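K.L.:
Using only what follows, build the 3D model:
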Amino acid sequence: MEENIYHLQYAMDTFYFLICGALVMWMAAGFAMLESGLVRAKNTTEILTKNVVLYATSTIMYLACGYAIMYGGNFFLSGIGEVDVGETLKSFAEREEGFTGGSIYSGASDFFFQVVFAATCMSIVSGAVAERMKLWAFLLFSLVMVGFIYPMEGSWTWGAEGVFGLNLDDQFGFKDFAGSGIVHFAGASAALAGVLLLGARKGKYGPNGEINAITGANLPLATLGTLILWFGWFGFNGGSVLKLGDIANANSVAMVFLNTNAAAAGGLIGALIVARILFGKADLTMILNGALAGLVAITASPDTPSAFGSVAIGVVAGVIVVFSILGLDKLRIDDPVGAISVHGAAGLFGLLVVPFTAEGTSFLGQLTGAAVIFGWVFGVSLLVWFVIKLVMGIRVSEEEEFEGVDLVECGMEAYPEFTNK
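P.N.:
Residues are numbered from 1 along each chain as shown. Prediction:
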């Protein structure tokens with residue numbers, strides 16, 4: 001009877017892990033729709049191509065070396081799908097007796113859940129460099145990001161034994177429950193490095209300090225993308241509980257879902273109010289980014305605040321993202337979709353607010369973790385982008401940018417019936 005219970009618990013936890021991973025994979029569709037809606041029509045096909053291809057390259061690179069760097073073990077995941085039933089049942093029994101802790105589930109399900117996080121980190125970069133980066137330069141960077149840069153900082157945060165003996169959790173009390181820093185802040189750091197070398201889109205900034213709005217082609221798509229991301233985030237945060245098959249963890253999953261949703265709502269409202277005060281209008285793009293900012297901020301610790309505390313975290317994140325987007329424009333840092341602000345500014349805020357609700361954490365520990373993540377990801381990304389720029393260039397020509405990267409990079413248009421011949 002006891003063995004049957006263990007079998008059921010193992011199956012439930014593994015299935016939950018897989019379903020949450022599938023939800024996170026669906027976020028790839030959200031990024032694709034959000035980004036393609038916020039760029040001009042002539043650049044839509046290339047955005048879609050980047051998001052589809054980067055998911056495939058991320059899967060292969062994380063399979064080849066990323067997972068091994070981040071969590072240790074053999075490259076190419078040899079034996080990852082093998083399960084010793086006897087040893088697994090023994091692990092359950094030992095845990096019941098108090099000898100060991102942690103969750104027990106299929107190793108293959110763990111890889112699947114982790115690889116979709118790696119792809120999400122790279123998806124953040126896509127929107128920030130949109131409309132002027134060479135497709136193949138972006139894809140080349142994605143190989144390094146998912147195969148090396150992201151797994152290295154991941155090993156220092158989520159890995160049991162970090163590369164070079166660094167473990168931010170054990171050594172500094174750093175907490176990042178589902179990836180405000182490890183995934184989102186890291187993705188924004190890599191994006192910032194690329195944008196600084198890439199430069200702004202032609203016509204975005206005038207010679208006398210003017211900031212010219214370049215509107216997106218399809219706001220219904222952008223809204224759909226945001227709602228898909230909101231939906232997928234339940235898997236992102238909920239799956240990070242790592243377990244479902246007992247009362248305590250089932251309750252924790254429910255609270256994580258509740259807080260995730262509450263923070264998104266708070267972020268949306270915060271951005272809406274600030275946009276109304278600053279612009280006198282309900283700016284849809286700011287509203288969408290506000291919801292995403294709330295989601296990013298709560299991701300660092302969705303298991304500890306109350307529901308209303310989560311709303312408050314979201315509201316502040318929504319306010320921050322509006323001012324961050326405006327601030328980057330004043331610095332002439334061109335981010336077409338607001339990715340650096342959403343995932344960077346809100347991600348950092350999410351890390352720093354953790355000590356208010358999570359025991360055993362400190363502001364200094366969180367700040368140290370954020371500094372390590374930024375220093376590593378930004379520094380190495382800047383170097384990689386620079387090498388790519390020297391070898392093959394990272395930016396399309398001015399003529400190609402004017403024509404649109406769809407035809408230049410992909411040889412087709414997303415909306416050919418609306419093009420004047």
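K.L.:
what bits of the protein have low per-residue confidence?
P.N.:
1-2, 73-106, 419-421 (pLDDT under 70).
K.L.:
biggest helix in this protein, by residue count?
P.N.:
Counting by DSSP state H, the longest helix found in the chain is helix 2-38.
K.L.:
Next, the contact list for A263, please.
P.N.:
The contact partners of A263, by C-beta atoms under 8 Å, 6 or more residues apart in numbering, come to G294, L295, A297, I298, P302, S310, V311, I313, G314, A317. Yep, even glycine has a C-beta here, placed from its N, CA and C like the rest.
K.L.:
Mark which of the residues you listed are part of strands, please.
P.N.:
Counted as lying in strands by DSSP state E, out of the contacts of A263, is not a single one.
K.L.:
Check those against M145 and report the nearest one.
P.N.:
M145 lies nearest to L295 out of the contacts of A263, by C-beta to C-beta, at 21.5 Å.
K.L.:
Return the member of the contacts of A263 nearest to A186.
P.N.:
Nearest to A186 among the contacts of A263 is A297, at 15.2 Å by C-beta to C-beta.
K.L.:
shouldn't that closest one be in contact with A317?
P.N.:
Yes - A297 is in contact with A317 according to C-beta atoms under 8 Å; the separation is 3.7 Å.
K.L.:
Can you check which residues contact both of the two?
P.N.:
The overlap between the contact sets of A297 and A317 (C-beta under 8 Å, 6+ apart) consists of A263, G267, A346, F349, G350.
K.L.:
Could you measure from the last one over to E409?
P.N.:
As for G350, its distance to E409 is 34 Å (criterion: C-beta to C-beta, to the nearest Å).
K.L.:
quick one: terminal-to-terminal distance for stretch 402-417?
P.N.:
The first and final residues of stretch 402-417 sit 19 Å from each other (C-alpha to C-alpha, to the nearest Å).
K.L.:
that older thread, please identify which of G350 and E409 sits among more neighbours.
P.N.:
Higher neighbour count among G350 and E409: G350, with 35 against 20, using other C-beta atoms under 10 Å.
K.L.:
before we move on, the earlier item: nearest to E400 among the shared contacts of A297 and A317?
P.N.:
Nearest to E400 out of these is A346 (C-beta to C-beta; 33.0 Å).
K.L.:
quick one: contacts for T215?
P.N.:
Contact partners of T215, counting by C-beta under 8 Å, 6+ apart, are R40.
K.L.:
Please apply the same query to the one 3 residues further on.
P.N.:
If a contact means C-beta under 8 Å, 6+ apart, then N218 has S36, G37, A41, T44 as its contacts.
K.L.:
ditto for G314
P.N.:
By C-beta under 8 Å, 6+ apart, the contact set of G314 is 262-270, 293-295, 297-298.
K.L.:
before we move on, what about L198?
P.N.:
V129, R132, M133, W385, I394, R395.
K.L.:
Now the second one: phi and psi?
P.N.:
Put plainly, it is R132. phi -150, psi 0 (degrees, to the nearest 10).
K.L.:
Neighbours of it, how many?
P.N.:
Neighbours of R132 using other C-beta under 10 Å come to 23.
K.L.:
Quick check: it touching E401?
P.N.:
Yes - assessed by C-beta under 8 Å, R132 is found in contact with E401 at 5.3 Å.
K.L.:
Take the contacts of A263 and keep only those in helices.
P.N.:
G294, L295, A297, I298, S310, V311, I313, G314, A317.
K.L.:
between those residues, which is nearest A56?
P.N.:
L295 (25.0 Å).
K.L.:
now, which of the contacts of L198 sits nearest K243?
P.N.:
Using C-beta to C-beta, V129 is the member of those that sits closest to K243, with 37.3 Å.
K.L.:
Return the residues in contact with K50.
P.N.:
Contacts of K50 (C-beta under 8 Å, 6+ apart): S126, L135, F138, L139.
K.L.:
where's the third one, which helix or strand?
P.N.:
Looking back up the chat, that one is F138. Using DSSP states H and E, the element containing F138 is helix 135-144.
K.L.:
Using neighbour counts, pick out the buried residues of that helix.
P.N.:
L135, A137, F138, L139, L140, F141, S142, L143, V144 (16 or more other C-beta atoms under 10 Å).
K.L.:
what helices or strands is that helix leaning on?
P.N.:
Using 3 or more C-beta pairs under 8 Å, 6 or more residues apart in numbering; DSSP states H and E, the elements in contact with helix 135-144 are helix 44-61, helix 107-128, helix 363-391.
K.L.:
any idea of the angle the last one forms with helix 135-144?
P.N.:
Our comparison of helix 363-391 with helix 135-144, counting by axes from the mean of the first three to the mean of the last three C-alpha atoms, to 10 degrees, yields an angle of 140 degrees.
K.L.:
Buried residues, helix 363-391. List them.
P.N.:
365-366, 368-370, 372-374, 376-378, 380-382, 384-385, 388-389.
K.L.:
And the second one, by the same measure?
P.N.:
For helix 107-128, burial by neighbour count (16+ other C-beta under 10 Å) applies to 108-128.
K.L.:
Could you measure from the residue nearest to N167 when sequence neighbours are not counted over to W385?
P.N.:
Among residues not flanking N167 along the chain, W156 sits closest, at 6.3 Å (C-beta to C-beta, 6 or more residues apart in numbering). Applying C-beta to C-beta, the value for W156 to W385 is 22 Å.
K.L.:
what's the answer for D246, then?
P.N.:
D246 sits 46 Å away from W385, going by C-beta to C-beta.
K.L.:
What subset of the contacts of A263 is buried?
P.N.:
Buried subset of these (neighbour count, 16+ other C-beta under 10 Å): G294, L295, A297, I298, P302, S310, V311, I313, G314, A317.
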